[in-house]
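Enquirer: Here is a sequence together with a model predicted from it:
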Amino acid sequence: MREIKFRGKRVDNNEWVYGSLINNIFTNGKLNIPYIFDPNVYPEYDCWDDMAEMMDELEVIPKTVGQYTNRKDKNGKRIYKDDNLQYGNSPVYTVTWETDRWKMCGRKNGNGFCVDIPDFMEIIGNIHEPEAKQ
(Lines give C-alpha, C1' and ligand atoms only; values in the text may rest on other atoms or scores of the structure.)
Protein backbone atom coordinates (compact mmCIF):
# COMPACT_ATOMS: atom_id res chain seq x y z
CA MET A 1 0.00 0.00 0.00
CA ARG A 2 1.28 3.46 -0.89
CA GLU A 3 2.04 5.76 2.04
CA ILE A 4 0.91 9.34 1.44
CA LYS A 5 2.88 11.72 3.61
CA PHE A 6 4.13 15.31 3.34
CA ARG A 7 6.71 17.54 4.96
CA GLY A 8 7.12 21.28 5.27
CA LYS A 9 8.91 23.91 7.36
CA ARG A 10 6.83 25.52 10.07
CA VAL A 11 6.16 29.24 9.70
CA ASP A 12 6.67 29.97 13.41
CA ASN A 13 10.02 28.26 14.02
CA ASN A 14 11.36 27.05 10.62
CA GLU A 15 11.49 23.39 11.78
CA TRP A 16 10.47 20.47 9.57
CA VAL A 17 7.14 18.74 10.28
CA TYR A 18 5.83 15.53 8.72
CA GLY A 19 2.28 14.24 8.29
CA SER A 20 -0.95 14.91 6.41
CA LEU A 21 -1.32 18.00 4.23
CA ILE A 22 -4.37 20.16 4.92
CA ASN A 23 -4.89 22.89 2.32
CA ASN A 24 -7.46 25.19 0.73
CA ILE A 25 -9.13 26.31 3.92
CA PHE A 26 -10.03 29.70 5.33
CA THR A 27 -8.47 30.34 8.73
CA ASN A 28 -7.93 33.54 10.67
CA GLY A 29 -8.63 35.68 7.62
CA LYS A 30 -6.17 33.75 5.41
CA LEU A 31 -7.08 31.66 2.38
CA ASN A 32 -5.27 28.68 0.85
CA ILE A 33 -2.70 28.22 3.60
CA PRO A 34 -0.95 24.82 3.85
CA TYR A 35 -0.89 23.01 7.19
CA ILE A 36 0.76 19.69 8.05
CA PHE A 37 -0.78 17.62 10.81
CA ASP A 38 0.83 14.57 12.40
CA PRO A 39 -1.73 12.66 14.48
CA ASN A 40 1.11 10.92 16.33
CA VAL A 41 2.26 14.29 17.70
CA TYR A 42 -1.27 15.46 18.57
CA PRO A 43 -3.25 12.26 19.33
CA GLU A 44 -5.80 14.16 21.44
CA TYR A 45 -7.12 16.07 18.41
CA ASP A 46 -9.60 14.04 16.40
CA CYS A 47 -11.69 16.64 14.63
CA TRP A 48 -11.15 19.94 12.85
CA ASP A 49 -12.82 21.99 15.60
CA ASP A 50 -10.31 20.68 18.15
CA MET A 51 -7.37 21.54 15.88
CA ALA A 52 -8.40 25.17 15.30
CA GLU A 53 -6.69 26.30 18.53
CA MET A 54 -3.27 25.14 17.32
CA MET A 55 -3.28 26.23 13.67
CA ASP A 56 -0.24 28.48 14.18
CA GLU A 57 1.78 25.38 15.12
CA LEU A 58 0.67 23.56 11.96
CA GLU A 59 1.12 26.28 9.32
CA VAL A 60 4.01 25.61 6.94
CA ILE A 61 5.86 27.71 4.36
CA PRO A 62 4.13 26.85 1.05
CA LYS A 63 7.27 26.52 -1.09
CA THR A 64 8.74 23.94 1.34
CA VAL A 65 5.84 21.47 1.08
CA GLY A 66 6.98 18.21 -0.48
CA GLN A 67 5.38 14.80 -0.87
CA TYR A 68 6.98 11.50 0.11
CA THR A 69 7.94 9.56 -3.02
CA ASN A 70 7.49 6.08 -1.48
CA ARG A 71 11.21 5.56 -2.08
CA LYS A 72 14.06 5.41 0.42
CA ASP A 73 17.72 6.20 -0.02
CA LYS A 74 20.57 3.74 0.60
CA ASN A 75 20.40 4.52 4.35
CA GLY A 76 16.66 3.86 4.61
CA LYS A 77 15.66 7.57 4.83
CA ARG A 78 12.43 8.61 3.15
CA ILE A 79 12.93 10.56 -0.07
CA TYR A 80 10.70 13.64 -0.52
CA LYS A 81 10.12 16.03 -3.40
CA ASP A 82 12.94 18.62 -3.56
CA ASP A 83 15.50 16.36 -1.85
CA ASN A 84 19.03 16.49 -3.23
CA LEU A 85 20.52 13.06 -3.96
CA GLN A 86 24.06 11.97 -4.70
CA TYR A 87 26.08 8.79 -5.12
CA GLY A 88 29.76 9.09 -4.24
CA ASN A 89 31.19 11.99 -6.23
CA SER A 90 28.40 11.99 -8.82
CA PRO A 91 26.56 15.22 -9.67
CA VAL A 92 23.78 16.30 -7.31
CA TYR A 93 20.25 15.44 -8.47
CA THR A 94 16.99 16.98 -7.27
CA VAL A 95 13.82 14.91 -6.82
CA THR A 96 10.75 16.07 -8.73
CA TRP A 97 7.51 14.79 -10.24
CA GLU A 98 8.08 14.30 -13.95
CA THR A 99 5.07 13.49 -16.17
CA ASP A 100 3.86 10.31 -14.44
CA ARG A 101 6.35 9.37 -11.72
CA TRP A 102 9.03 10.58 -9.31
CA LYS A 103 12.44 11.18 -10.86
CA MET A 104 15.75 12.79 -10.02
CA CYS A 105 16.88 15.58 -12.32
CA GLY A 106 20.31 17.04 -12.88
CA ARG A 107 22.59 18.63 -15.44
CA LYS A 108 25.34 17.10 -17.53
CA ASN A 109 27.42 19.03 -20.06
CA GLY A 110 25.03 21.97 -19.67
CA ASN A 111 21.96 19.89 -20.52
CA GLY A 112 19.18 18.98 -18.12
CA PHE A 113 17.92 15.41 -17.79
CA CYS A 114 15.76 13.28 -15.50
CA VAL A 115 16.07 9.58 -14.62
CA ASP A 116 14.34 7.12 -12.30
CA ILE A 117 15.59 7.09 -8.71
CA PRO A 118 17.90 4.13 -8.02
CA ASP A 119 18.16 2.60 -4.53
CA PHE A 120 21.87 3.41 -4.10
CA MET A 121 21.41 7.22 -3.97
CA GLU A 122 21.91 9.13 -0.70
CA ILE A 123 20.01 12.20 0.55
CA ILE A 124 22.52 15.01 1.06
CA GLY A 125 20.06 17.86 1.67
CA ASN A 126 17.21 19.53 -0.18
CA ILE A 127 16.66 22.68 -2.22
CA HIS A 128 15.54 24.56 0.91
CA GLU A 129 18.69 23.57 2.87
CA PRO A 130 21.20 22.54 0.16
CA GLU A 131 24.17 22.09 2.47
CA ALA A 132 22.38 20.17 5.23
CA LYS A 133 23.19 16.48 5.47
CA GLN A 134 19.94 14.94 6.71
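Expert: Right, received. Where do you want to start?

Enquirer: how much space between the most far-flung residue of the chain relative to its centre and residue 127?
Expert: Relative to the centre of the chain, the most outlying C-alpha is that of residue 109, 28.7 Å out, by Cα atoms, centre = their mean. Separation of residue 109 from residue 127 (Cβ to Cβ, to the nearest Å): 22 Å. All C-beta spots, glycine's among them, are computed from the backbone N, C-alpha and C.

Enquirer: And residue 80, by the same measure?
Expert: For residue 80 relative to residue 127 (Cβ to Cβ), the value is 11 Å.

Enquirer: OK, contacts around residue 15?
Expert: Contact analysis of residue 15 by Cβ atoms under 8 Å, 6 or more residues apart in numbering lists residue 9.

Enquirer: how close does it get to residue 103?
Expert: Distance of residue 15 to residue 103, given as Cβ to Cβ: 28 Å.

Enquirer: Next: residue 70.
Expert: Using Cβ to Cβ, residue 70 is found at 13 Å from residue 103.

Enquirer: And those two? Which one has more around it.
Expert: Shown here are residue 70 and residue 103; by other Cβ atoms under 10 Å, residue 103 has more neighbours (18 against 13).

Enquirer: Spatially, which residue comes closest to the more buried one, not counting chain neighbours?
Expert: residue 114 (4.2 Å; Cβ to Cβ, 6 or more residues apart in numbering).

Enquirer: so how many other residues sit close to the one you found?
Expert: 17.

Enquirer: average pLDDT across the helix or strand it falls within?
Expert: Secondary structure from DSSP states H and E places residue 114 in strand 111-115. Computed over strand 111-115, the mean pLDDT rounds to 88.

Enquirer: One more: stretch 33-53?
Expert: In the prediction, stretch 33-53 has an average pLDDT of 67.

Enquirer: give me every residue that touches residue 81.
Expert: By Cβ under 8 Å, 6+ apart, the residues touching residue 81 are 66-67, 69, 95-97, 102.
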